[in-house]
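A.B. asks: Have a look at this prediction, sequence included:
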There are 4 protein chains.
Amino acid sequence: MSTFGQFLRVTTYGESHCPSVGCIVDNFPPGVPVSEEIIQPQVTRRRPGQSSITTPRNEADIVSIQSGVEGGVTLGTPIAMVVKNKDFRPADYKGDTMKQYPRPSHADFTYLEKYGVRASSGGGRSSARETIGRVAAGALCEHYLKLAHGIEIVAWVSSVGNIHHIPPTPEYPSTHNPKFLQLLQEVTRETVDKTVVRCPDAEVAAKMEQSIADFRDRQDSIGGTVTCVIRNVPTGLGEPVFSKLEATLAHGMLSIPATKGFEIGSGFEGTEIPGSSHNDMFIRNPNSDSDSKNGFAKPKLTTATNNSGGIQGGITNGAPIYFRVAFKPPATIGLPQETVTFEGETDGLLEAKGRHDPCVVPRAVPIVEAMASICIMDALLLQGGRRMAVLAP
Amino acid sequence: MSTFGQFLRVTTYGESHCPSVGCIVDNFPPGVPVSEEIIQPQVTRRRPGQSSITTPRNEADIVSIQSGVEGGVTLGTPIAMVVKNKDFRPADYKGDTMKQYPRPSHADFTYLEKYGVRASSGGGRSSARETIGRVAAGALCEHYLKLAHGIEIVAWVSSVGNIHHIPPTPEYPSTHNPKFLQLLQEVTRETVDKTVVRCPDAEVAAKMEQSIADFRDRQDSIGGTVTCVIRNVPTGLGEPVFSKLEATLAHGMLSIPATKGFEIGSGFEGTEIPGSSHNDMFIRNPNSDSDSKNGFAKPKLTTATNNSGGIQGGITNGAPIYFRVAFKPPATIGLPQETVTFEGETDGLLEAKGRHDPCVVPRAVPIVEAMASICIMDALLLQGGRRMAVLAP
Amino acid sequence: MSTFGQFLRVTTYGESHCPSVGCIVDNFPPGVPVSEEIIQPQVTRRRPGQSSITTPRNEADIVSIQSGVEGGVTLGTPIAMVVKNKDFRPADYKGDTMKQYPRPSHADFTYLEKYGVRASSGGGRSSARETIGRVAAGALCEHYLKLAHGIEIVAWVSSVGNIHHIPPTPEYPSTHNPKFLQLLQEVTRETVDKTVVRCPDAEVAAKMEQSIADFRDRQDSIGGTVTCVIRNVPTGLGEPVFSKLEATLAHGMLSIPATKGFEIGSGFEGTEIPGSSHNDMFIRNPNSDSDSKNGFAKPKLTTATNNSGGIQGGITNGAPIYFRVAFKPPATIGLPQETVTFEGETDGLLEAKGRHDPCVVPRAVPIVEAMASICIMDALLLQGGRRMAVLAP
Amino acid sequence: MSTFGQFLRVTTYGESHCPSVGCIVDNFPPGVPVSEEIIQPQVTRRRPGQSSITTPRNEADIVSIQSGVEGGVTLGTPIAMVVKNKDFRPADYKGDTMKQYPRPSHADFTYLEKYGVRASSGGGRSSARETIGRVAAGALCEHYLKLAHGIEIVAWVSSVGNIHHIPPTPEYPSTHNPKFLQLLQEVTRETVDKTVVRCPDAEVAAKMEQSIADFRDRQDSIGGTVTCVIRNVPTGLGEPVFSKLEATLAHGMLSIPATKGFEIGSGFEGTEIPGSSHNDMFIRNPNSDSDSKNGFAKPKLTTATNNSGGIQGGITNGAPIYFRVAFKPPATIGLPQETVTFEGETDGLLEAKGRHDPCVVPRAVPIVEAMASICIMDALLLQGGRRMAVLAP
């Protein structure tokens, strides 16, 4: 399935070795001021070659809107966006050893098992390049969410290997840490982008950058986590049962290449805390406002704590949504690895010569933001349809 | 959305205070021997009142097949299943305090924000009772998966609070622990059910049970995790990009009430391991078999390790799939909690008098198995459609 | 696929020989006063045994709401509805000849080809009984549409065999006939139900009834058409390209058993009229009203004629929507028919002994209304979601 | 909704006044030899400027495959196709009068009501240009259907105004006409393309062409019908209830701009024939073959007549599928038409100066074939998934 979303539908296409990658965004609202300048920054943040710790491929990745926008305003019709694939360099990927051997922990083997066809890029659609379409679509959604509801979506690198930005402590084993709670309120994309590693704490970021450089120099790789916060979300978003908002967020995040885990609010650590401490007490919302902005009012209540991560019973309660995503160490490494051929008949040694990221999390930041934007926008449109259908008194 | 799945579609209905709960399973294959006896055991494993550490409600929960089965064989038409709601006892939930106050970390507040209607059960569809329909549907799928491909799905309680069945160690920080790897191969539902807490290690289970009893006695609650393994899965399942198998599994799991996290394979711990150690080397598959069983052959390759959790690039590689799901401590506790009314105007004290589970993970085991079964079955049918469409040589 | 609709989703289950038939209606708006009394009348209009020209089976067909309604008001959660199958009498359908031979122009043969399983009812889900779930769901939608927007949906029998209510004439070859245009404005369900054949013109109805009786007495059958009008539809409903409103209406109508054709507005006759005569000129709308009712205002323009049938470019223009549906003569007839066995090996003679309708159109009237209601409601919710998303000025 | 299909999903984008139009085809089978040469011919057949009776716009319409194909073979990943919009000439459409007045029977008014935004093309996505994406996608599907099952899809112009290719006669009021039945077996695309009007009977075609020329010269327009046959369809395609094959065909056909009606098999005429004459008697299939071609065998039975149009109970029976689609006279005509402004305030006269087709049916032929191909392919993949899931004996 190359389509995500129920109301706001994003369909992507493209792999590494084809003329272009892109997407079609269907059911985007009409009358929204939009141009490529809105989209390009996130696509640029995603592209490789931004620093010495990301793969040096210089992909220009210029977004071009094909449809659905006229005179700088959306028409309400599908918005197609295309990014040309400029810098194929397929030879890098296809050394002698590459041809015979499925790369370990890549999708070469599983794509062959699934489709029965060997693509030059191995598992083409599992490549990071596929994510360009989503980032473009996400940038569009994010733009709308900001305009319509002042929604802010910011992701950052919360760990690289065992270097954690705000590690659990005995006093704050989970999300009660005041430093973390303050970060949720204050973190901005500008702060995040101050360091190449995209961690908002310069000191920690320096350690992370050094660690990534070390893994790069050892021709090895390392994983990490990205945390994301969504502020100013209206209440009532998320569809019960199978489209709980945390479920669609988890779906969106785990659809990003190289992800291995997702946790919302208190997450895995929250399983070790008693309910009496974990429960989020309701309090009067100091920012309550019955005047609606684009149809959604600010609620009367909020919570004193936020272990729920802004979602209760699958539905937003108005508090910040935050979640964390785990990214494995990239599978492509320079170190030689023992392997077998596709036929399983001979053993061999695989040495990746291509360009590769020693750690994906810095570049994953805009991808996480994109999928978050798409999820929230879809939930917003669905709830809007319901709200609009309520009988007038 | 009350429907899950793209090809095999499960639609559920019902909340705590209505005549019945149930589901419609669409596109289930024809010609499969099926009866209520196949379904009932998992529904029974889910129901409350099974031990002193689960809520004492005695819900009989008898499944009745309404359609799609004739002469003990599926017709290929929708299979509707119904379970009557016998034991409402709404008074328990609706003491004076309950009426005025939204329960903390429940869905009372968010359901009201979403729908503008107060149901007697608060957040009705967010209740555990809603899961009966999924468990029935999952049992049906599991039955098919076993018959057609010998697929085995087993979940168990891997932690309660800070009591972990197999905790990470300095030597085995992640999923390389041989004890864990052996468990993946060997664990059965029978072993799991030997203890009321549903942990396959009797000694650890006793500690977990004691811990739950302690929280119960303190009128408090505690969270935990459930781990699930799926064995004998054909290769090639999972649809790239937005329907990667780990993404739909994450979606399915996070749609279960009270879940806060999901990790597949090496998960969050895997982010701290170098790629050179994390990569799963391909080896010849000793069980390779080109004779297909119901259309799927056993592959030529397998992996020496399994940090991938049986999925690479979103597609199954034939190794066991395993994942872990985090469940928060139940929000309903006997301890008094400070709160405010729905109007946010007065403070008060909330004391739950109803029946409630001090820890949900033992009863969550069959629900996790159910959602896993539905995910795998859906992916299997989609891949079957693709396989069938490949041009004959 | 047993689900219809994108936002408002109706899933049905059940065939003739199983405990019950029914449906789940998902995403119905919350806060709508609903009870079984709202649903039952249309289900009753659909059931057999209403007159001497319909099949004499006395199916009580009592609708029971299972979920989603509390205190007489919808919760916004799935509404499940069940109707028990009381009067199976499978023997009627399964005489000796029936067992060996696929009934001509029935679905016995195609169901066997599709599923490889022989159900006692032949093509179970193709039976008219399957439509009960839709009629119940449609009644629910119709009730909402009336409350929220004053929408009126009325269908009637426009022809039986070659007896047409308002046949084309040289002067009015198509839909310009003033008598027809007046009917569109005035016809009510009460007028329609004055005759058992459900044609609003008593004189024509008498001829139709006589004709059906004649076919019945000859143990033969005859087809007919049902015309349907939808008044007071807001503008802007219908999603361009693949969900044009006429396309989803056509889909809904052709999903009714025994249908062979659909035409909207001027339809097939309209293909023979010059564009200069066919075009609907815009005029000022005398009922224009910028005050919106439940979010939709009455437009400034309307059209002098209505060959478009209320839909232009797939989107409603506020004029009455009207369309016509063709129903073939029922395949089950008492006359002996030459046939072959399922194996194709021996010729034989098939004589239907069961109860059967000599003409389905009178009972098809509420089914057409139901599918129309579901289509309009789905389009309304989708457009509501879009409208709600438009940026406030 | 810009997506069509459940398994094989086609998403289109683009309107007249944007850089390109195109589509993404998802879930197309892997390993199929494909190139632009396969796609281009149908796109070329669709484009304007092919004769003096079609609009003289010279749109080159060159299809470019962007993804999903490598080394001339499909990868199983999404196939994106793009056609640049070369010849905008928006001035033609935007004379003074055009700006103020909604064109009668166009989508200008309804698009404005729906989206609240005025596009330069009026109802952009309702333009014939949008259909390019579908024709490209349909050509791809048709290519597969031919390779895998020898399926042949041929459409032709069956009427222009009141000039019918094979009109009903008293002897053959419906589809029993031997001339018509023979045509269903024999008609080819080559025969159809021998005349510019695309009617396979040269004599009738000449009359049709003359009639269209007359309407063109009078600055008026005329409608017509297209009939389509699909031969060699496997049995068992079509999903009961809401995705009956005739329902999805009707949906697909009514989603084509300017369509007003659809009938399958005996259609509207069939409603006037007694069941005893309408029923299709089963006979032994002389071409029965239990050896399957790509998984589907030729059935043991066929029918002596084919009033069903190859579909019974929504499922294919192996006989040719045929249906007829009504196209209204084009709304854009040179004759002056009285109208009002968008504001409804002043009356005026509208004179279209742009290029326009006096009759759309010749160019509609490949569009009908495209939608038919997509419908059949989707049904084939769905049934393939089911067939593959049947338990091996």
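C.D. replies: Arrived safely, thanks for sending.

A.B. asks: For the stretch 201-350 of chain A, which segments count as helices?
C.D. replies: Remark: helices assigned in the stretch 201-350 of chain A by DSSP state H, counting those that start in this stretch are A:202-217, A:245-254, A:275-278.

A.B. asks: so the longest helix anywhere in chain A versus helix A:202-217, what angle?
C.D. replies: The longest helix of chain A (DSSP state H) is helix A:361-389. On the basis of axes from the mean of the first three to the mean of the last three Cα atoms, to 10 degrees, helix A:361-389 is oriented at 120 degrees to helix A:202-217.

A.B. asks: Buried residues, helix A:361-389. List them.
C.D. replies: Residues of helix A:361-389 classed as buried by neighbour count (16 or more other Cβ atoms under 10 Å in any protein chain shown): A:361-389. The way it works is simple: take the backbone N, C-alpha and C, and place the C-beta from them, glycine included.

A.B. asks: Of those residues, which ones also sit close to chain B?
C.D. replies: The residues of those that also fall near chain B, by Cβ under 8 Å from any Cβ of the partner chain, are A:383, A:386.

A.B. asks: what's the spacing between the nearest residue to residue A:256 once chain neighbours are set aside and chain C?
C.D. replies: If the residues on either side of it in the chain are set aside, residue A:256 comes closest to residue A:367, at 5.4 Å by Cβ to Cβ, 6 or more residues apart in numbering or on different chains. Taking Cβ to the nearest Cβ, to the nearest Å as the measure, residue A:367 falls 24 Å from chain C.

A.B. asks: Identify the residues contacting residue A:367.
C.D. replies: A:46, A:131, A:134, A:135, A:138, A:256 (Cβ atoms under 8 Å, 6 or more residues apart in numbering or on different chains).

A.B. asks: Compare these and tell me which is most surrounded.
C.D. replies: Greatest neighbour count in the contacts of residue A:367, by other Cβ atoms under 10 Å in any protein chain shown, goes to residue A:138: 32 neighbours.

A.B. asks: Work out for me the element that residue sits within.
C.D. replies: If you go by DSSP states H and E, residue A:138 is part of helix A:131-149.

A.B. asks: Now do that helix: distance to the chain's middle.
C.D. replies: Mean C-alpha position of helix A:131-149 versus that of the full chain (Cα atoms, centre = their mean, to the nearest Å) differs by 12 Å.

A.B. asks: How about stretch A:334-350?
C.D. replies: 32 Å.

A.B. asks: Could you tell me the end-to-end distance of that stretch?
C.D. replies: End-to-end distance of stretch A:334-350 (Cα to Cα, to the nearest Å): 9 Å.

A.B. asks: And stretch A:6-19, by the same measure?
C.D. replies: With Cα to Cα, one end of stretch A:6-19 sits 29 Å from the other.

A.B. asks: all strands for the stretch 151-300 of chain A, in order.
C.D. replies: For the stretch 151-300 of chain A, the strands defined by DSSP state E, counting those that start in this stretch cover A:152-160, A:163-164, A:224-231, A:259-264, A:282-284, A:289-293, A:296-298.

A.B. asks: what's the neighbour count on the residue in the stretch 201-350 of chain A positioned nearest to chain B?
C.D. replies: When distances are taken as Cβ to the nearest Cβ, the stretch 201-350 of chain A reaches nearest to chain B at residue A:313, 2.4 Å away. For residue A:313, the count of nearby residues is 29 (other Cβ under 10 Å).

A.B. asks: Once you drop chain neighbours, what's closest to it?
C.D. replies: Closest residue to residue A:313 apart from its sequence neighbours, by Cβ to Cβ, 6+ apart: residue B:107 at 2.4 Å.

A.B. asks: Who are the contact partners of the nearest residue in space to residue A:156 that is not next to it in sequence?
C.D. replies: Distances taken as Cβ to Cβ, 6+ apart place residue A:192 nearest to residue A:156, at 4.5 Å, with adjacent residues excluded. For residue A:192, the contact set (Cβ under 8 Å, 6+ apart) comprises A:154, A:155, A:156, A:198, A:199, A:200, A:365.

A.B. asks: next one: residue A:304
C.D. replies: A:280, A:281, A:282, A:283.

A.B. asks: So the third one is in contact with residue A:300, correct?
C.D. replies: No. Proximity of residue A:282 to residue A:300 does not meet the contact threshold set by Cβ atoms under 8 Å, at 9.5 Å.

A.B. asks: Specify the stretch among the helices of the stretch 201-350 of chain A that is closest to chain C.
C.D. replies: Across these, closest to chain C is helix A:245-254 (Cβ to the nearest Cβ), at 15.4 Å.

A.B. asks: So is that closest one next to chain B?
C.D. replies: Yes. Helix A:245-254 lies within reach of chain B by Cβ under 8 Å from any Cβ, at A:246, A:247, A:248, A:249, A:250, A:251, A:252, A:253, A:254.

A.B. asks: repeat for stretch A:340-357
C.D. replies: Yes. For stretch A:340-357, a contact with chain B is found by Cβ under 8 Å from any Cβ, at A:340, A:342, A:343, A:344, A:345.

A.B. asks: want to throw the residues you listed into a markdown table with pLDDT and neighbour count?
C.D. replies: Listed next are the residues of stretch A:340-357 next to chain B as a markdown table, based on pLDDT from 0 to 100; neighbours: other Cβ atoms under 10 Å in any protein chain shown:
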| residue | pLDDT | neighbour count |
| --- | --- | --- |
| A:340 | 88 | 22 |
| A:342 | 87 | 16 |
| A:343 | 86 | 10 |
| A:344 | 83 | 17 |
| A:345 | 77 | 10 |
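
A.B. asks: Inside strands: which ones of these?
C.D. replies: Of those, the ones assigned to strands by DSSP state E are residue A:340.

A.B. asks: Tell me the predicted confidence for residue A:119.
C.D. replies: Looking at residue A:119, its pLDDT stands at 75.

A.B. asks: so it touches residue A:106, yeah?
C.D. replies: No. Checked against Cβ under 8 Å, the pair residue A:119 and residue A:106 is beyond contact range at 11.9 Å.

A.B. asks: okay, these two: which has more neighbours?
C.D. replies: residue A:119 (26 against 22).

A.B. asks: which residues touch that one?
C.D. replies: By Cβ under 8 Å, 6+ apart, the residues touching residue A:119 are A:15, A:17, A:111, D:70, D:75, D:77.

A.B. asks: does the last one belong to a helix or a strand, and which?
C.D. replies: With elements delineated by DSSP H and E, residue D:77 resides in a region that no helix or strand encompasses.

A.B. asks: Check it and give its pLDDT.
C.D. replies: 94.

A.B. asks: Please state the offset of stretch A:179-199 from the chain centre?
C.D. replies: 16 Å.

A.B. asks: Mind listing what's buried along that stretch?
C.D. replies: Those would be A:180-181, A:183-184, A:187, A:189, A:191-192, A:195-199, for stretch A:179-199 by 16+ other Cβ under 10 Å.

A.B. asks: Equivalent analysis for stretch A:240-260, please.
C.D. replies: A:240-260.

A.B. asks: any idea which residue sits dead centre in chain A?
C.D. replies: Residue closest to the mean C-alpha point of chain A, counted by Cα atoms, centre = their mean, is residue A:368 at 1.3 Å.

A.B. asks: tally of neighbours for the closest residue to that residue other than its chain neighbours?
C.D. replies: Take residue A:368 and drop its neighbours on the chain: the residue closest to it by Cβ to Cβ, 6+ apart is residue A:155, 4.4 Å away. Using other Cβ under 10 Å, residue A:155 is surrounded by 28 other residues.

A.B. asks: and the residue nearest to residue A:156, how far is that from residue A:363?
C.D. replies: Applying Cβ to Cβ, to the nearest Å, the value for residue A:192 to residue A:363 is 13 Å.

A.B. asks: Between those two, which contacts overlap?
C.D. replies: The contact lists of residue A:192 and residue A:363 share no entry, where a contact means Cβ under 8 Å, 6+ apart.

A.B. asks: what's the nearest residue to residue A:196 if we skip its chain neighbours?
C.D. replies: That would be residue A:51: by Cβ to Cβ, 6+ apart, it lies 3.9 Å from residue A:196.
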